[in-house]
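**Student:** Can you look at this prediction? I've put the sequence above it.
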Amino acid sequence: MAERRPFSVTRLPGFTAIAIITFALLYAPIATLVAFSFNGSESIAIWGGFSWRWYAIAWQNTAVQEATVRSLVIAASAAAIAGTVATLAALGTTRTRPFRGQTLIYVLVNQPLMVPEIVTAVALLIFFSGIKLATGYAGLGYLILAHSAFCVPFAYLPIRARLEGMDLSLETAACDLYADRFQTFRHVTLPLMAPGIVAGVMLAFIISLDDVVITEFVKSAGQDTLPTYMLGQLRRAVTPEVNAISTALLALTVLLLTVFFLLTRKRD
Amino acid sequence: MRPTTEATIEAGRVRRNWLLAAPALALLLVGASGPLLIVLVYSFLEPGEYSGVIWNFTPQAWFEIFLKRDIFDGTLGVADAHLTIFWRSARLSLLTTLITILLGFPTAWFIATRPQSQRALWLFLITIPFWTNLLIRTFAIMEVIRNQGVLNTLLLRAGLITEPIQILYTDTAVLIGMTYVYLPLMVLPLYAAIDRFDFRLAEAGYDLYASRLQVLRRVVLPLVRPGLIAGSILVFVPSLGAYVTPRVLGGGKNMMIGNFIELQFGQGRNWPLGAALSMLLLLIVMAALLLYVRVSSREKPHG
């Protein structure tokens, strides 16, 4: 008789093949995009040898430079603001007896995950255009406010997860040793929750950096971020320059994610 | 010294919790939740001549979602163009959900049945595309499916086709794009559900002479149903509200609700209709989420 594989309860016919195909399908388009960003040819269809040319062109483009700086300023501000308010909110909603309104806080904090982005974008467009008319202010403040708001749940969830995994015994010990509440927070709670805060702030940063829809609706003239600039450049095909910017953004995301996973990894 | 009772300590604790949450709530009320109420109000106003609104309360915009007035004889009829867009949105979102289940379930199963030490790596491979900019992923799909793209070039070189297949700017392109973009949202909750599955139950099924298909249908699927429902909601909801993917891959013609809403605030110059459509989309999404909460809370005792 032909050799047979031992019977396995975890095996289902065809599943491994579909899984491998799925992984290939997930990565093939990204790999194509990355490969074409290094294409030396003028034409987007023909491979003209390896070259950094499009990176150099993107790097020297003042519109790209300005959009990059703007994206980084908005993402850093939004991550800092969202990280701060999310840390406070997490301290108020974890390791406590259930209290009235806790669910309401939870729903409000996670609201940006539930409402379709296009709906929030439209709402902010109407709201901010009214304020712009009334005050005459048309700066980056609107974008920073909008980004901070939708980044809150992404900062909140990892911080909350970290806090829930911390029991109160170390803080109780600090109080027993006559530390006041501020000292306990500063020297015990904060260092223990720091990995959660860093993880939350990084996720918020990535989310802000990636946003297209809300930015597209809220931005005033001349306030393109990198994603809205890239969307604006799109004609019949993606230009090699945009491929280069995409690849650079992709590399940054992978780098931040790797750090994130190392930070949140359970050490056991 | 005043006697401090249990109740006053507890009241102080609750006040402290609310104070800590207050900055986040204030930020979200100004930057996310509050403006939704303005959209609701705008949906009951009249459109201004060029943009904006005239402050006359009327349910007109809500009727306009489904009805249109004939420009010649003034009779009311069904707004076919609108219905086409709603039907496309619903159909493409459902198909996206279905295809992501067909690809995502075996993938999640594959990851969950790897040795413990390998799983984190496979999961990481799923999360990288998930966190990659949605626009970049949509551009990547465009590179593959456009007429001079990788797929058509390969098929042409292989002699399977004589001229490029037009995929870009069709509903199929939007479907491919949304499936690609939202697939990780299906795999992650399914993985969480399968990871909790006790394989001794499958073993018991096999011991009782069940076939692989019977074990899958009668033992596995009922137990991973919460993950399946969670994944379906996570894929269906953003698909229905999709804006970037249909704009890039569908071109101007193959609009979905999201693009139609934008049109009302741009060339359409009908802010109240845009507001009413936004509220309708929000209602559908909230209904789907409520359904999910009810189903998942009912199924908890089994888990």
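**Tutor:** Okay, I see it. Residues are numbered from 1 along each chain as shown, chains lettered A, B, ... in the order given.

**Student:** Just give me the residue closest to the centre of chain B.
**Tutor:** Geometric centre of chain B, nearest residue: B:Pro238, 1.9 Å, by C-alpha atoms, centre = their mean.

**Student:** what's the distance between the closest residue to that one other than its chain neighbours and chain A?
**Tutor:** In space, and not counting its chain neighbours, B:Pro238 is closest to B:Tyr182: 6.2 Å by C-beta to C-beta, 6 or more residues apart in numbering or on different chains. Using the backbone N, CA and C atoms, a C-beta is placed for each residue, glycine as well. Remark: distance between B:Tyr182 and chain A (C-beta to the nearest C-beta, to the nearest Å) = 12 Å.

**Student:** How many residues are close by A:Ala90?
**Tutor:** When neighbours are counted by other C-beta atoms under 10 Å in any protein chain shown, A:Ala90 registers 28.

**Student:** so how far is the helix or strand where it lies from its chain's centroid?
**Tutor:** Secondary structure assignment for A:Ala90, by DSSP states H and E: helix A:62-93. A distance of 10 Å separates the centroid of the chain from that of helix A:62-93, by C-alpha atoms, centre = their mean, to the nearest Å.

**Student:** Go through it and flag the buried ones.
**Tutor:** A:64, A:66-68, A:70-71, A:74-93 (16 or more other C-beta atoms under 10 Å in any protein chain shown).

**Student:** ok, and which of these reach chain B?
**Tutor:** A:Ile81, A:Ala82, A:Thr84, A:Val85, A:Ala86, A:Leu88, A:Ala89, A:Leu91, A:Gly92, A:Thr93 (C-beta under 8 Å from any C-beta of the partner chain).

**Student:** and the closest residue to the third one other than its chain neighbours, what does it touch?
**Tutor:** In this structure, A:Thr84 finds its nearest non-sequential neighbour in B:Pro23, 7.4 Å apart by C-beta to C-beta, 6+ apart. Residues near B:Pro23 by C-beta atoms under 8 Å, 6 or more residues apart in numbering or on different chains: A:Thr84, A:Val85, A:Leu88, A:Ala89.

**Student:** 10 Å instead, please
**Tutor:** A:Ile81, A:Thr84, A:Val85, A:Ala86, A:Thr87, A:Leu88, A:Ala89, A:Gly92, A:Val152 (C-beta atoms under 10 Å, 6 or more residues apart in numbering or on different chains).

**Student:** Could you pull up phi and psi at B:Val53?
**Tutor:** phi -140, psi 160 (degrees, to the nearest 10).

**Student:** burial count for it?
**Tutor:** 19.

**Student:** State the distance from the closest residue to it other than its chain neighbours to chain A.
**Tutor:** Spatial nearest neighbour of B:Val53, excluding adjacent residues (C-beta to C-beta, 6+ apart): B:Leu45 at 4.1 Å. As defined by C-beta to the nearest C-beta, B:Leu45 lies at a distance of 11 Å from chain A.

**Student:** Would you list the phi and psi of B:Leu45?
**Tutor:** According to degrees, to the nearest 10, B:Leu45 has phi -110, psi 170.

**Student:** Please enumerate the helices of the stretch 151-300 of chain B.
**Tutor:** Ranges of helices in the stretch 151-300 of chain B, per DSSP state H, counting those that start in this stretch, are B:171-196, B:199-207, B:212-215, B:221-240, B:244-250, B:257-265, B:271-299.

**Student:** In a markdown table, list the ones you listed along with mean pLDDT.
**Tutor:** Shown next, in a markdown table, are those (pLDDT from 0 to 100):
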| stretch | mean pLDDT |
| --- | --- |
| helix B:171-196 | 94 |
| helix B:199-207 | 88 |
| helix B:212-215 | 88 |
| helix B:221-240 | 90 |
| helix B:244-250 | 94 |
| helix B:257-265 | 94 |
| helix B:271-299 | 88 |
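
**Student:** Would you mind finding the most buried of those helices?
**Tutor:** Highest mean neighbour count among the helices of the stretch 151-300 of chain B (mean count of other C-beta atoms under 10 Å in any protein chain shown): helix B:244-250, with a mean of 26.

**Student:** counting contacts, what elements does that helix pack onto?
**Tutor:** Applying 3 or more C-beta pairs under 10 Å, 6 or more residues apart in numbering or on different chains; DSSP states H and E, we find helix B:244-250 packed against helix A:213-218, helix A:226-233, helix B:80-112, helix B:134-145, helix B:171-196, helix B:221-240, helix B:257-265.

**Student:** roughly how far out does the fourth one sit from the chain middle?
**Tutor:** Going back to what we said before, that points to helix B:134-145. 18 Å.

**Student:** That helix and chain A in contact?
**Tutor:** Yes: counting by C-beta under 10 Å from any C-beta of the partner chain, chain A has neighbours in helix B:134-145: B:Leu134, B:Leu135, B:Ile136, B:Arg137, B:Thr138, B:Phe139, B:Ala140, B:Ile141, B:Met142, B:Glu143, B:Val144, B:Ile145.

**Student:** Could you give the number of residues near the last one?
**Tutor:** Other residues lying near B:Ile145 total 23 when counted by other C-beta under 10 Å.

**Student:** my read: it touches B:Ala173, true?
**Tutor:** Yes: B:Ile145 lies in contact with B:Ala173 (C-beta atoms under 10 Å); the separation is 5.9 Å.

**Student:** what residues do those two have in common as contacts?
**Tutor:** Joint contacts of B:Ile145 and B:Ala173 (C-beta under 10 Å, 6+ apart) are B:Gln166, B:Ile167, B:Leu249.

**Student:** circling back: so what's the residue nearest to the centre of chain B up against?
**Tutor:** Taking C-beta under 10 Å, 6+ apart, one finds A:Pro116, A:Glu117, B:Ser93, B:Thr96, B:Leu134, B:Met178, B:Val181, B:Tyr182, B:Leu185, B:Thr245, B:Gly258, B:Val285 in contact with B:Pro238.

**Student:** thought the fifth one was touching A:Leu209?
**Tutor:** So the one you mean is B:Leu134. No: using C-beta under 10 Å, B:Leu134 is not in contact with A:Leu209, being 11.7 Å away.

**Student:** Report the set of residues contacting both of the two.
**Tutor:** A:Pro227.

**Student:** Look at A:Arg235 and give its secondary structure.
**Tutor:** Following DSSP: H, G, I helix; E, B strand; the rest coil, the label given to A:Arg235 is coil.

**Student:** List phi and psi for it.
**Tutor:** With angles defined as degrees, to the nearest 10, A:Arg235 sits at phi -120, psi -120.

**Student:** Check the gap between it and B:Ile85 for me.
**Tutor:** To B:Ile85, A:Arg235 is 24 Å away according to C-beta to C-beta, to the nearest Å.

**Student:** Cool, thanks, talk later.
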